[in-house]
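**Student:** 3D, please:
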Amino acid sequence: MAKDVLILAFESSCDETSVAVVKNGREVLSNIIATQIKSHQRFGGVVPEVASRHHVQQIIHCTDLALKQAQVAYEDLAAVAVTYGPGLVGSLLIGLMGAKAISWAHDLPLIGVNHLAGHIYAANLVTPIKYPAMALVVSGGHTELVRVSAPGDFVILGDTRDDAVGEAFDKVGRMLGVNYPAGKTIDQWAQIGQDTFNFPRAMLEEDNLDFSFSGIKSAVINTIHHADQIGQTLNKKDIAASFQADVIDILVTKTKWALEKYPAQQLIVAGGVAANSGLRQRLQQEFAQQLEVVFPPLRLCGDNAAMIGAFAYIKYQKHQFATLNLNADPSLDFDYETLE
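**Tutor:** Below you'll find the model as predicted:
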């Protein structure tokens, strides 16, 4: 019987310090997450220097807690995995230093993981990924349609040309007086409000799989500013409902086009915005009859180390190990589709 592969994984790409132990890429033995939301709320977004300092304070404690909760010791581990990009360079470096120190001290293979691959492989912690799969990656920093044709084989079919969808949620939320991060509140308001505003649905007239959210964000902001200037009171819940409906229309339409051109066995919805209830409901309605739609549980939608351990297992099986020279790559991404 093959020995279980236990991977200690680190995730520190933005404002969550997370350490996990994952068995065989499928079973989460521990997943410790130290969030920094309260520290950044007063600034209306993540401050890189503040995030880095928090990682320094939390990473050792999170590591000890992850090992203790998983009931494993360093000698039980097969490898150490760490996010090396994309993300905030200072935050990434803290995780890298922690992972490399343990790799060196305990003579364990080091595995560098693309943060976006981790988000996609969070689905593997729910159900085995079936290839080819289509992934809709929606987060604060990314909005991408990614074809996963085989384990670890990613190609971007469409990307945002400006704001990421999560970024648009946060900027609109700021105008509505919602604390960072705004996505959860806007989603809740959208369930109450009515879709009464005719905000633009960008990029739906173009024959490609790219996204744009700066136009709809600007339209919302201009609507609010104009109402303020003329003394008009707008229903914030109606604005939230209209904004969210438009965003979901764009995401669903582009996903439909992608699946028509690149058929898949699964649709994987990944990233923090995958927690949005309106998006989940609409995607299920549109696609559940034609293929399996996989959403990570809410605890695995945001940044976490368990997803890093899930994808690291794929690289472990392929013996794709890094050296101790592994450095942060803040702009790391997948390759883009080049076929006509």
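**Student:** drop to CA atoms for contacts and neighbour counts, all remaining ones
**Tutor:** Will do.
**Student:** Can you pull out the low-pLDDT segments for the stretch 151-300 of the chain?
**Tutor:** For the stretch 151-300 of the chain, not a single residue meets the criterion pLDDT under 70.
**Student:** can you rerun that using 80?
**Tutor:** In the prediction, the stretch 151-300 of the chain carries residues with pLDDT under 80 at positions 180.
**Student:** For it, which segments count as strands?
**Tutor:** Taking DSSP state E, counting those that start in this stretch to define them, one finds strands in the stretch 151-300 of the chain at 153-159, 266-270, 292-294.
**Student:** Generate CSV for the ones you listed, with mean neighbour count as supplementary columns.
**Tutor:** Output for the strands of the stretch 151-300 of the chain, formatted as CSV (neighbours: other C-alpha atoms under 10 Å):
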stretch, mean neighbour count
strand 153-159, 19
strand 266-270, 27
strand 292-294, 20
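**Student:** Out of those, which is closest to residue 133?
**Tutor:** strand 266-270 (4.8 Å; C-alpha to C-alpha).
**Student:** Note down every partner strand of that closest one and its orientation.
**Tutor:** Strand 266-270 has the following strand partners under DSSP bridges: strand 133-138 (parallel), strand 292-294 (parallel).
**Student:** how about a markdown table for those, with distance to residue 281 added?
**Tutor:** Shown next, in a markdown table, are the strands paired with strand 266-270 (distance: least, C-alpha to C-alpha, whole Å):
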| stretch | distance to residue 281 |
| --- | --- |
| strand 133-138 | 15 |
| strand 292-294 | 11 |
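**Student:** Nearest to residue 198, out of these?
**Tutor:** The closest of those to residue 198 is strand 133-138. By C-alpha to C-alpha, the value is 23.0 Å.
**Student:** For that closest one, C-alpha coordinates in PDB please.
**Tutor:** Taking C-alpha atoms only, strand 133-138 is exported to PDB below (Å, rounded to 0.1, in the frame of the first residue of the first chain):
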ATOM      1  CA  ALA A 133     -12.500  21.300 -17.200                       C
ATOM      2  CA  MET A 134     -13.500  25.000 -17.500                       C
ATOM      3  CA  ALA A 135     -12.600  27.300 -14.600                       C
ATOM      4  CA  LEU A 136     -14.200  30.600 -14.000                       C
ATOM      5  CA  VAL A 137     -11.700  32.400 -11.600                       C
ATOM      6  CA  VAL A 138     -13.400  35.400  -9.900                       C
END
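**Student:** Mean confidence (pLDDT) on the helix or strand just after it, please.
**Tutor:** Going down the chain from strand 133-138, the next helix or strand is strand 143-150, by DSSP states H and E. For strand 143-150, the mean pLDDT works out to 98.
**Student:** next one: stretch 114-126
**Tutor:** Rounded mean pLDDT across stretch 114-126 is 96.
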